[in-house]
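>>> Fold the following, please.
(2 chains)
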Amino acid sequence: MSEFHPRLQSVPPHQGRGWAQTETDQPAGWIPTTGSGNAGTGWALGPGSGSAFLPASPRVSSGSRQALCLWLPTFELRLELVRSPALDSTSLALLSSGESTRRTIWQVSERAHEAGVRPGQLVSQAVSLCPSLTLLEPDPVHYDAAVESMLELLSEITPILEPAGRGRVFLGMDGLGRLFGSPERQAKKTLHSLFRIFPAPLVAATRAGFAPGKFGAWVAAAAARSGEPVIVGDSDLAGFLAGCPVSALPVDPLIVQRLERLGVQTLGELRRFPEPSLISQFGDEGRSALAWATGRRIDPVRPWHRPEPIRVSLDFPNPVGITETLHGALDRLIERALSRPTRQGRSVTGARMGAQLEGGGSWFVQTVLREPTAQRERIASPLRMKMAIAPPPKAVDTLIVEFTQFGAASAQTGLFDRRDESGRAAAGRELTRGEVPPSLRDAVKELKLRLGHSPLYRVVEVDPWSRIPERRHALLSFDP
Amino acid sequence: MSDTPWLRPLGQPKLVVVRTVENGGPTHVRLPGKPARTVEALRESWRIDDEWWRQPISREYHIVVLDDGRNLTLYHDLLDGTWYAQRG
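Model prediction:
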């Protein structure tokens, strides 16, 4: 493994945000990814997922110790180049999403990088550095579709898949030696399988690293050259990691900065510190950093569970840019999605709103709900807020709503729960005669959506003093 | 379903099969879909004659205790001779 170390150590220090530049024969991209399209610190995050190195869901008890990491730097930009090959000869930059003003650069092509354009720069700065720069709006729906097809394909090789951002996926490879041979053959077979869905330049740019645990595999993939997997065995792991820069650690970037200021450049140098010193300086992350640096901590690849999303869409006869119209359409779509039989018995905890834009491109916002709910307004409200912060950049051809995460139905509030719309309890206040609690009103609306009519009834007095029992009371359909 | 609210009377009588003694008191009751039950006790009886001006109603009500401990309200329609169970 020693042949990789000089190259790893020559990697430029932390330069900014976003993925490293795109050139395939460039040194590995050690640059942590923060902001510009990805939330969180230190590492690229998966679609709606947390860091790849956080503990997985407790219901998944086991995983795969041997990990293969496939990493395609600037995945989104490369997809754009595949879609429009003519752009390959231009200086190209992908804009970040989620900002209505002061747009920044997300990913840059090699030519743009040579001209001085960097991820995180303001558009005005980038254009002044490179007047011929071509700017592209991101198309997240297209990127997600590519990720989906990649995951589907890779699931034929191993059922243990853990995506960590759009351009990075971990594969659990335990027990595949008898099927595919040595780790190198396993990695090459996996890379080769990508030819079925991606064109050759995209596959050629994919880097692969095979090692025990996700951290080792990721470091190996980042050290790999395009098409040449780096294989790290159990006995080689500690030695391999010793030469890696500390910026590879999936910890708070401030910790990395402090280590570098202290002159600690590699994981080998970090290992010289006693654990209590690192804990006293950096807390629990200091302990984790040492465990990763020494190769003691092996994070198995956990199978990624994602329920089938419920997706509804609405095509507008003419492109729509009016916010009120989009809000109305959002409400109708949420109602439709809620009434889907596949939602029965489940509440919604995560929703996503997207759009196909006029003249191409797409846009989306997503939200994780504070409480599981099946109420339209509680789902629509955060989406509307997100839309106000990051509105669609162009008129909308098709509006899409997806429920992506689900909770238990038991988390619903009681029918006679006296809470107002904001969820605040109406403490000490009795319901006045004839008043309908909001939760009951919402429940009736939901039942009407699902069944087509309200199945609830109110008991009314017809002739309470009648001698004939069936004349005394009756049921009246209840539709507040 | 139309949007017009509609009323459904509560306490509609259900047709039952009743075996009686000579004086008309019920001794066995069979509710629809259930096995026949013996009447252990007759708690109360009364008679209703009403609405003679449009569609006459003439019923003899009995509250009985069945052998499984349940109380049941029965009435005998004196116009057509059928028996019904009724809540209320």
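
>>> C-terminal to the top strand by length along chain B, what's the next element?
Counting by DSSP state E, the longest strand found in chain B is strand B:37-50. Heading C-terminal from strand B:37-50, the first helix or strand you meet, by DSSP states H and E, is strand B:57-66.

>>> circling back: for the longest strand of chain B, packing partners?
strand B:26-30, strand B:57-66 (3 or more C-beta pairs under 8 Å, 6 or more residues apart in numbering or on different chains; DSSP states H and E). The C-beta positions use only the backbone N, C-alpha and C, and glycine is treated the same way.

>>> would you turn those strands into CSV with distance to residue A:86, mean neighbour count and mean pLDDT?
Shown next, in CSV, are those (distance: least, C-beta to C-beta, whole Å; neighbours: other C-beta atoms under 10 Å in any protein chain shown; pLDDT from 0 to 100):
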stretch, distance to residue A:86, mean neighbour count, mean pLDDT
strand B:26-30, 86, 17, 93
strand B:57-66, 88, 18, 93
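
>>> will you turn those strands into JSON lines that also has distance to residue A:121?
Output for the helices and strands packed on strand B:37-50, formatted as JSON lines (distance: least, C-beta to C-beta, whole Å):
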{"stretch": "strand B:26-30", "distance to residue A:121": "87"}
{"stretch": "strand B:57-66", "distance to residue A:121": "86"}
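
>>> and the longest strand of chain B, which strands flank it?
Applying DSSP bridges, strand B:37-50 is found paired with strand B:26-30 (antiparallel), strand B:57-66 (antiparallel).

>>> Near the nearest residue to residue A:244 once chain neighbours are set aside, how many other residues are there?
Closest residue in space to residue A:244, ignoring its immediate chain neighbours: residue A:267 at 5.0 Å, by C-beta to C-beta, 6 or more residues apart in numbering or on different chains. The tally of other residues near residue A:267 (other C-beta atoms under 10 Å in any protein chain shown) stands at 26.

>>> what residues are up against residue B:31?
Applying C-beta atoms under 8 Å, 6 or more residues apart in numbering or on different chains, we find residue B:31 in contact with B:14, B:16, B:37, B:85.

>>> same thing but 6 Å
residue B:16 (C-beta atoms under 6 Å, 6 or more residues apart in numbering or on different chains).

>>> Residue A:353 now?
A:365, A:383, A:401.

>>> And the last one, how close does it get to residue A:340?
The reference is to residue A:401. Between residue A:401 and residue A:340 the computed distance is 11 Å (C-beta to C-beta, to the nearest Å).

>>> Neighbour count: the two, which is higher?
Shown here are residue A:401 and residue A:340; by other C-beta under 10 Å, residue A:401 has more neighbours (27 against 13).

>>> So the more buried one: helix, strand or coil?
Following DSSP: H, G, I helix; E, B strand; the rest coil, we place residue A:401 in the strand state.

>>> just to revisit the earlier point, so for the contacts of residue A:353, which is the shakiest by pLDDT?
pLDDT across the contacts of residue A:353 is at its lowest for residue A:365, which sits at 88.

>>> hang on, the earlier thing: residues in contact with the longest strand of chain B?
By C-beta under 6 Å, 6+ apart, the list of residues contacting strand B:37-50 reads A:467, B:25-29, B:57-67.

>>> Equivalent analysis for stretch A:72-91, please.
A:19-20, A:22, A:29, A:94, A:107, A:111-112, A:115, A:130, A:132-134, A:136, A:143, A:146, A:166-167, A:199, A:202, A:206.

>>> Endpoint to endpoint, that stretch covers what distance?
Using C-alpha to C-alpha, to the nearest Å, the end-to-end distance of stretch A:72-91 comes to 20 Å.

>>> what mean pLDDT would you report for that stretch?
On average, stretch A:72-91 scores 86.
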